[in-house]
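1. let me see the structure of the following:
(one chain, ligands or ions: 1)
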Amino acid sequence: MKLRPGQSVADIVAHVPAIESALGTRPGAVRVEQDPAHAGRCTMRVLAVDPHAGAIPWPGPTATTLADPIELGVFEDATSVRVPLLRRHPLIGGTTDSGKSGVLNVILGNLVACTDVVLWGIDLKGGMELQPWAPCLARLATTPDEAARLLADAVAVLEARAHASSRDNSRVWETTPDAPALVIVIDEYAELVDTVPDAVGHAESIARRGRALAVDLLAATQRPTQKAMGGGALRSQMSVRVCLRVRERRDVDLILDKGMLAAGWHAHTLDAPGKLYVLADGHNQPRRARAYLVTDDHVRDTAARYADRRPELDPLSQAAIDRPSRALEPPKATSADPESALLSALDEAPDGGLAIPELIKATGMRRTWIYARLQAHAAAGRARQVARGRWKA
Ligand SMILES: Nc1ncnc2c1ncn2[C@@H]1O[C@H](COP(=O)(O)OP(=O)(O)OP(=O)(O)O)[C@@H](O)[C@H]1O
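-> Residues are numbered from 1 along each chain as shown. A predicted model of the protein is given here:
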């Protein structure tokens, strides 16, 4: 479709429900996508039947190394969703029963088949979600103490690898079965932030420095708010986003990225578990897909099949964990940086904005500093006053 001069795809997207009503289609049948080559053109498709109406059984693992993208499910055009995980920290978000564990299971079902990945898990729901994978997990933390220790150990691995890499003048840690990547799977990240105070500093350290050193985080959470994530720093490092059904519209922007809701990515309308939007490098827009359905039998059989083929940590990383005198102090969380705390608070502010006392609380800074920064951000178009004394991004 050619748009009228001055019209944008966002204008069309905003009218999708009206277009569906006029065409007499089922709700959710119309898709509008920007022509990547021309801002004044878009493609509109009407899907007579929902290609994702039925569950799509998991075909089993296809990856054998972390360098292989993980096949998560199927796009609406029947091509498979291939998500690269090497040197990336994926974030999976969605409300309860939206299929987060399902997506974790597809990813784990592939990672256990990779010969160059050591898997650690944190599941503070008593191991409910990750326990079935325990035969393939080198470690599984189910209590706050175990989780704190696990993350501290992951940071020790990171430090040892960083040290070795700089000594050898190599920029990245090349993963092989003898020097595997370390992937830490965290189910319900918010629970970790609530119960393990040191977790935020450790997780941010891993998120910031882990990619080059092949120490990756994979986090699932119901709502990745600033509070649930212990600050915005971790989320900003997570370049693979999977957004299942959300309860509140504004959660779309939290999980995918700012502006995604307004751009028409209506994850609150997804109508079945496992239906999702995925945003990974290679796509500049999220795409609709359905994750494969992994049954309990799949999990049990896959875990049993790969349990005795899992690699071990390389000696350098293992020695870093075993060192008895290691300090367990967490690094200072970057959420202590008032500027990013202010920007994250503004980003996540409700439509009515946040008042100055709330911004003082979020940043720990004085009123005069807040005013000065708000003026600067307003001048740069990064913040606006939505009502007297109330601000948002
Ligand atoms: N890809 C899928 N296709 C079809 N059904 C699915 C899919 N993923 C999950 N389901 C079904 O949806 C239900 C909820 O899934 P799941 O437990 O993964 O949700 P969740 O988001 O992890 O929920 P919670 O936050 O409560 O743990 C399950 O009964 C599951 O069988």
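2. for the rest of this, base every contact and every neighbour count on C-alpha atoms.
-> Noted.
3. just the element for Ser317, please.
-> helix 315-322 (DSSP states H and E).
4. CA atoms of that helix as PDB?
-> What follows is helix 315-322, C-alpha atoms only, in PDB (Å, rounded to 0.1, in the frame of the first residue of the first chain):
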ATOM      1  CA  PRO A 315      40.200 -26.400  34.200                       C
ATOM      2  CA  LEU A 316      40.900 -22.600  34.300                       C
ATOM      3  CA  SER A 317      37.200 -21.800  35.000                       C
ATOM      4  CA  GLN A 318      36.900 -24.700  37.500                       C
ATOM      5  CA  ALA A 319      40.000 -23.600  39.400                       C
ATOM      6  CA  ALA A 320      38.500 -20.100  39.700                       C
ATOM      7  CA  ILE A 321      35.500 -21.600  41.500                       C
ATOM      8  CA  ASP A 322      37.600 -23.900  43.700                       C
END
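5. just the residues contacting that helix, thanks.
-> 153, 156-158, 160-161 (C-alpha atoms under 8 Å, 6 or more residues apart in numbering).
6. of those - the most surrounded one?
-> Highest neighbour count within the contacts of helix 315-322: Val157, with 26 neighbours (other C-alpha atoms under 10 Å).
7. for that residue, which non-adjacent residue is spatially closest?
-> Ser317 (4.9 Å; C-alpha to C-alpha, 6 or more residues apart in numbering).
8. would you mind measuring from that neighbour to Trp265?
-> Separation of Ser317 from Trp265 (C-alpha to C-alpha, to the nearest Å): 41 Å.
9. pull the contacting residues for Pro144.
-> Contacts for Pro144 (C-alpha under 8 Å, 6+ apart) come out as 124, 192, 195-196.
10. let me have the residues you listed in JSON lines, extended by distance to Lys2 and secondary structure.
-> JSON lines is the format used below for the contacts of Pro144 (distance: C-alpha to C-alpha, whole Å; DSSP: H, G, I helix; E, B strand; the rest coil):
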{"residue": "Leu124", "distance to Lys2": "52", "secondary structure": "coil"}
{"residue": "Leu192", "distance to Lys2": "49", "secondary structure": "helix"}
{"residue": "Thr195", "distance to Lys2": "53", "secondary structure": "helix"}
{"residue": "Val196", "distance to Lys2": "53", "secondary structure": "coil"}
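11. what residues does the stretch 1-150 of the chain have near the ligand?
-> For the stretch 1-150 of the chain, the residues in contact with the ligand (C-alpha under 6 Å from any ligand atom) are 55, 95-102.
12. among those, name the ones in helices.
-> Mapping those onto helices (DSSP state H) picks out 100-102.
13. neighbour-wise, which one of these leads?
-> Lys100 (26 neighbours).
14. neighbours around the residue in the stretch 201-350 of the chain that the ligand sits nearest to, how many?
-> Scanning the stretch 201-350 of the chain for proximity to the ligand using C-alpha to the nearest ligand atom identifies Gly274 as nearest, at 3.5 Å. Gly274 is flanked by 27 other residues according to other C-alpha under 10 Å.
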